[in-house]
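1. Here is my input; please provide its structure:
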Amino acid sequence: MGRYRSIRGSTFLCIIYMLSTVVVYESKKRGVTAVFVFGDSLVDVGNNNYIPFSIAKANFPPNGIDFPGRVPTGRFSNGLNAADFLEKAGLPSSPPFLSPENQRNMSSFFAGVNFASGGAGIFNGTYHNDILGQSISLSRQVDYYVHHVRGDLIRLVQPYHDVRTYLSRSVFAVVIGSNDLLHYFRRSDLRRRTSIQRYASSMAAKLKEQLERLYDNGARKFLAVGTGEIGCIPARRLKFRGAKCDEEANHGSLAFNEALKTTMEELKAQLHGMNYSFFDSYKAMHDISNDPILYGFREIKAGCCGLGKLRAEIPCVPFATYCTDREHHLFWDMYHPTQQASRVFVDFIFDGSPDYVFPINLKQLVSAP
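-> Numbering: from 1, shown residues only. Predicted structure coming up:
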């Protein structure tokens, strides 16, 4: 029995060595070793499926109707989301951290991990936050990376390759902030206590703390995604005559994006070897809404799945109706973009001009030393 265990252990280590060698060899051709994703429902690929008491889930139809096999995976989308399309960087979509299968087989994390959680926020007190067991806040997501994934990578990869180089060539994507802003505009008491400008600045300051933690634990290349026109999502348009955008909410998004841009510039100046791409999703969404036909969309106000006015009075639940021309809708439900919209946004991120992504785009970030 002892000899069997020894042989089995040696075989496992041999497999780990071969896998890590393949990852490092392939990364030299691609310029990126792994993609680590942190954020909210815009990039959740199924983590919330494994939070027992969370109601912030999308693991039921018609979600996933355009996913391969028409399977509802937990993505808040009719198919793929933005995290999946980051494969343009040269790697497959990063698997969900909380998946029991991935927990048992840490080698599945060699090319990256997705920690994102629907309903998550920068602040722990955000709507659907982890205090109530509804989602995983950003700080908890970073904890998972620091205390679990990074440690396993050191244990499995370090004997054969330099983990510092491996992590420095990886992309750390952060897509978060919308839930914090929506939380602000839902809470009249919060709006009385502080201005949106101060709130947005505190969001950026809290996010900076988490980015610094990632840097201290090996991250060097960051993709920071700003918030879109949150006042123009179906759930906010619903509140205004003529389905107009909530300009106060849009102002909040602009305030956060400006604070985040400043934060990224400060980090670049302070942290040796740090590089980043900042995606102005507000401008991208604004330009798409102003000329939707140019980008292939015909419906920019209503959701595709839901019930009532703008399909936003009742969310996308199993008994909700959904549209057939999903590729022409900007929104899948009252909050989230369609698969096609996510594809367009990532096209901007990957090789867009400085009008949308700066100081460099993701393609340039991946190739940077």
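
2. Could I get the full set of strands for the chain?
-> 35-39, 171-175, 221-225, 275-279, 299-303, 305-306, 321-322, 329-331, 357-359 (DSSP state E).

3. which non-adjacent residue is nearest residue 365?
-> Excluding its sequence neighbours, the residue lying closest to residue 365 (Cβ to Cβ, 6 or more residues apart in numbering) is residue 277, at 4.7 Å. The way it works is simple: take the backbone N, C-alpha and C, and place the C-beta from them, glycine included.

4. ditto for residue 170
-> Going by Cβ to Cβ, 6+ apart, residue 170 has residue 34 as its nearest residue, at 4.1 Å.

5. Check residue 148 too.
-> residue 97 (7.9 Å).

6. do you know how far that neighbour is from residue 192?
-> 38 Å (Cβ to Cβ, to the nearest Å).

7. now residue 239
-> 19 Å.

8. between the two, who's got more neighbours?
-> When residue 239 and residue 192 are compared for neighbours, residue 239 comes out ahead with 12 against 7, by other Cβ atoms under 10 Å.

9. Does that one touch residue 245 like I think?
-> No: counting by Cβ atoms under 8 Å, residue 239 sits too far from residue 245 to count as a contact (10.2 Å).

10. Disregarding residues adjacent in the polypeptide, which is nearest to residue 194?
-> In this structure, residue 194 finds its nearest non-sequential neighbour in residue 202, 7.9 Å apart by Cβ to Cβ, 6+ apart.

11. For that neighbour, grab the count of nearby residues.
-> Residues near residue 202, counting by other Cβ under 10 Å: 16.

12. try the one 5 residues further on
-> Using other Cβ under 10 Å, residue 207 has 23 other residues around it.

13. now residue 162
-> 11.

14. gap between it and residue 153?
-> For residue 162, the distance to residue 153 - Cβ to Cβ - is 11 Å.

15. Could you do residue 32 as well?
-> Taken as Cβ to Cβ, the span from residue 32 to residue 153 is 15 Å.

16. Please enumerate the helices of the stretch 201-350 of the chain.
-> 234-237, 247-270, 281-290, 339-351 (DSSP state H, counting those that start in this stretch).

17. In JSON lines, list these along with mean neighbour count.
-> Listed next are these as JSON lines, based on neighbours: other Cβ atoms under 10 Å:
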{"stretch": "helix 234-237", "mean neighbour count": "23"}
{"stretch": "helix 247-270", "mean neighbour count": "18"}
{"stretch": "helix 281-290", "mean neighbour count": "20"}
{"stretch": "helix 339-351", "mean neighbour count": "22"}
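
18. per-residue confidence for residue 151?
-> Per-residue pLDDT puts residue 151 at 87.

19. Which residues are in contact with it?
-> Going by Cβ atoms under 8 Å, 6 or more residues apart in numbering, residue 151 touches no other residue.

20. Then residue 114?
-> So residue 114 contacts 36-37, 43-45, 47, 83, 93-97 (Cβ under 8 Å, 6+ apart).

21. Quick one: the helices of the stretch 201-350 of the chain as CSV, columns for mean pLDDT and distance to residue 122 too.
-> Below are those laid out as CSV (pLDDT from 0 to 100; distance: least, Cβ to Cβ, whole Å):
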stretch, mean pLDDT, distance to residue 122
helix 234-237, 97, 20
helix 247-270, 98, 9
helix 281-290, 98, 16
helix 339-351, 98, 20
